[in-house]
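Visitor: with the sequence up front, the predicted model follows.
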Amino acid sequence: MTEPLTDDPLLLAGEKFGSRLIMGTGGAPSLDVLGRALAASGTELTTVAMRRVDPAARGSVLDVLATHGIRVLPNTAGCFTAAEAVRTARLAAEALGTNWVKLEVIADEVTLLPDPVELLDAAEQLVALGFTVLPYTNDDPVLAKRLEQTGCAAVMPLGAPIGSGLGIRNPHNIELMVAASSVPVILDAGIGTASDAALAMELGCSAVLLATAVTRARDPELMAASMRSAVIAGRLAYRAGRIPRRRFAAASSPPVDS
Amino acid sequence: MEIVINGTAHQVPDETSLDRAVALISESATGIAVAVNGDVVSRVSWPEVRLADGDQIEVLTAVQGG
């Protein structure tokens, strides 16, 4: 008998998380809906973006996270260069009192795909500055290895472009990354529905990071509960070990008596 | 003199301190971070930093995202 699920925490940069679902906060119609969705997801770590203070803003996403006891993970969304991303990470550390950062350096607004050259440069600089760097990366096993070698605490490959809901377009690459990586592989971006999250975990990912699939669902709270179950189910299936695929049937009942 | 905070021009007395400038647009001093002309300025230094005409100040906070 393997250990119960409760004894299977996510280990990230030496810290334990009971939930393997990391949430984003973008796209929710209101802070109230966001709060209920986050609670339903069971997440313990959730991303925010850094933007100019809006004096007219009512309430803050930070209040929602504090209410639910969820740890904040700032991102560098919207940065196109290593210099911008490093500055944003430093501002986030100053504002939020954390040296953890979800590093995003995108190439263009149409695909929102990571720029691998700027990403690696930013990762090297931030690791040198003492940050715990969680890079959002392409589903490229070679780049993932390079990011790991710079000292990143995890690698976070996309399943498909951000917000696309296209699922995991190259499961084989994700498997290769899991096999080669000595830091957690976290599937980040592209999740559309629960089966995508379960597949990520079945492929051996240590966690799933998603936002849009929940925040823009018809019922975000319900979808959050669904994702919570999917991540748990996928993780259990990975640990249990799936049966091999076979070309022909294999009877599960004994042969008929003769 | 004129300084620019988050893209908006503000008229302030000469040698205004950074903490006073920040207070013009943010009631709270927690959960925010400040850059002056692109350089991050840590919170403890805000009262000591004297601003100059034309300084560009960015005051950021966490919003929904990612």
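Guide: Arrived safely, thanks for sending. Numbers count the residues shown, from 1 in each chain, chains lettered A, B, ... in the order given.

Visitor: quick one: the helices in chain B?
Guide: With DSSP state H as the criterion, chain B has helices at B:18-23.

Visitor: list the buried residues in the longest strand anywhere in chain B.
Guide: Longest strand in chain B by number of residues (criterion: DSSP state E): strand B:56-64. For strand B:56-64, the neighbour count (16 or more other Cβ atoms under 10 Å in any protein chain shown) marks B:57, B:58, B:59, B:60, B:61, B:62, B:63, B:64 as buried. The way it works is simple: take the backbone N, C-alpha and C, and place the C-beta from them, glycine included.

Visitor: do stretch A:211-219 as well
Guide: For stretch A:211-219, a neighbour-count test (16+ other Cβ under 10 Å) marks A:211, A:212, A:213, A:214, A:215, A:217 as buried.

Visitor: next one: it to chain centre, how far?
Guide: How far stretch A:211-219 lies from its chain's middle: 15 Å, per Cα atoms, centre = their mean, to the nearest Å.

Visitor: quick one: the longest strand of chain B near chain A?
Guide: Yes. Counting by Cβ under 8 Å from any Cβ of the partner chain, chain A is contacted by strand B:56-64 at B:58, B:59, B:60, B:61, B:62, B:63, B:64.

Visitor: hey, C-alpha coordinates of that strand in CSV?
Guide: Output in CSV follows, covering the C-alpha atoms of strand B:56-64 (Å, rounded to 0.1, in the frame of the first residue of the first chain):
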residue,chain,number,x,y,z
GLN,B,56,9.3,59.6,-13.8
ILE,B,57,7.8,57.6,-11.0
GLU,B,58,6.1,54.3,-11.3
VAL,B,59,4.0,53.0,-8.4
LEU,B,60,3.0,49.4,-8.9
THR,B,61,0.8,46.9,-7.0
ALA,B,62,-0.5,43.4,-7.5
VAL,B,63,-3.5,42.9,-9.7
GLN,B,64,-5.4,39.9,-11.1
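
Visitor: what lines up beside it in the sheet?
Guide: strand A:45-52 (antiparallel), strand B:2-5 (parallel), strand B:32-36 (antiparallel) (DSSP bridges).

Visitor: average model confidence for it?
Guide: Throughout strand B:56-64, pLDDT has a mean value of 94.
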